[in-house]
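K.L.:
Okay, sequence plus prediction incoming.
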Amino acid sequence: GAGVSQSPRYKVAKRGQDVALRCDPISGHVSLFWYQQALGQGPEFLTYFQNEAQLDKSGLPSDRFFAERPEGSVSTLKIQRTQQEDSAVYLCASSPRVAQAREQYFGPGTRLTVT
Amino acid sequence: DQQVKQNSPSLSVQEGRISILNCDYTNSMFDYFLWYKKYPAEGPTFLISISSIKDKNEDGRFTVFLNKSAKHLSLHIVPSQPGDSAVYFCAANRNTGFQKLVFGTGTRLLVSP
């Protein structure tokens, strides 16, 4: 079956532009996570959805970051007025059940470069 | 505050030998630990995990050891193969909340023929 897909795979934005990153989780997966991976670092948690409910957004670095999952499947991470420090790989992960959110299936990521 | 640490950024091993990747953590609330493997331009893929109630978990060539008193875990790969060359991330989480993973910075393993 299809895995987690993300689009676009690469995005170059000029500082100040808004961007939208899409995640298509594995069909039927309840849990969805967004992570940010800076160069040379491990992924860092941004936000978590259980179906359409955003239950944890403690990792979002600023109010310029916004995520949604309106129908409990596809999710979009939006970054407004991008800054150079937003340059990173943004990873989406999904998991079939809340109780098994520990073992997460990751997409290939979107590499965002802000110039 | 880095709660999960992988102090070796890289490791080189010959094919057929053992690879040992190490990970330390500081948060005593962590009770589940995972290893992920990542190839370039791909997302991390789950490799093996261990609950804090165990001290060892084995899956084929991969074994994870957990030393709770030392807050240390290690991943052993025996025998190592060139296809194992990748970046390995250690991750941890707590059995409360929404089980978000806390990752280390990764160790790049190179297995040479």
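P.N.:
Thanks, I have it.
K.L.:
contacts, neighbours, all on C-alpha from now
P.N.:
Will do.
K.L.:
which secondary structure element contains the nearest residue to A:Arg111 once chain neighbours are set aside?
P.N.:
Counting by C-alpha to C-alpha, 6 or more residues apart in numbering or on different chains, A:Arg111 lies nearest to A:Val89, which is 4.2 Å off, once chain neighbours are set aside. A:Val89 belongs to strand A:88-95 when assigned by DSSP states H and E.
K.L.:
quick one: average pLDDT of that strand?
P.N.:
Confidence over strand A:88-95 (mean pLDDT, whole number) is 96.
K.L.:
Any part of whichever helix or strand comes after that strand near chain B?
P.N.:
Under the assignment DSSP H and E, the closest C-terminal helix or strand after strand A:88-95 is strand A:105-106. Yes. Counting by C-alpha under 8 Å from any C-alpha of the partner chain, chain B has neighbours in strand A:105-106: A:105-106.
K.L.:
Can you tell me what sits against strand A:105-106?
P.N.:
Contact with strand A:105-106 is made by A:3-4, A:91-95, B:43-46, as judged by C-alpha atoms under 8 Å, 6 or more residues apart in numbering or on different chains.
K.L.:
That strand pairs with which strands, and in what direction?
P.N.:
strand A:88-95 (antiparallel) (DSSP bridges).
K.L.:
re the thing from before, so the residue nearest to A:Arg111 touches A:Gly40, yeah?
P.N.:
No. Counting by C-alpha atoms under 8 Å, A:Val89 does not reach A:Gly40; the two are 10.8 Å apart.
K.L.:
between those two, which one's more packed in?
P.N.:
Set side by side, A:Val89 and A:Gly40 show more neighbours around A:Val89, with 23 against 9, by other C-alpha atoms under 10 Å in any protein chain shown.
K.L.:
quick one, what contacts that one?
P.N.:
A:36-39, A:109-112.
K.L.:
just checking, which of those residues belong to strands?
P.N.:
Under the assignment DSSP state E, those contribute A:36-37, A:110-112 to strands.
K.L.:
now for the helix or strand where A:Val12 lies, which elements pack on it?
P.N.:
For A:Val12, the host element (DSSP H and E) is strand A:10-13. Packed against strand A:10-13 by the contact rule (3 or more C-alpha pairs under 8 Å, 6 or more residues apart in numbering or on different chains; DSSP states H and E) you find strand A:110-114.
K.L.:
Tell me which strands the strand it packs on pairs with, and in which orientation.
P.N.:
With DSSP bridges as the test, strand A:110-114 pairs up with strand A:10-13 (parallel), strand A:88-95 (antiparallel).
K.L.:
from the chain's centre, how far out does the longest one sit?
P.N.:
Yep, that's strand A:88-95 we're talking about. Computed by C-alpha atoms, centre = their mean, to the nearest Å, the chain-centroid distance of strand A:88-95 equals 5 Å.
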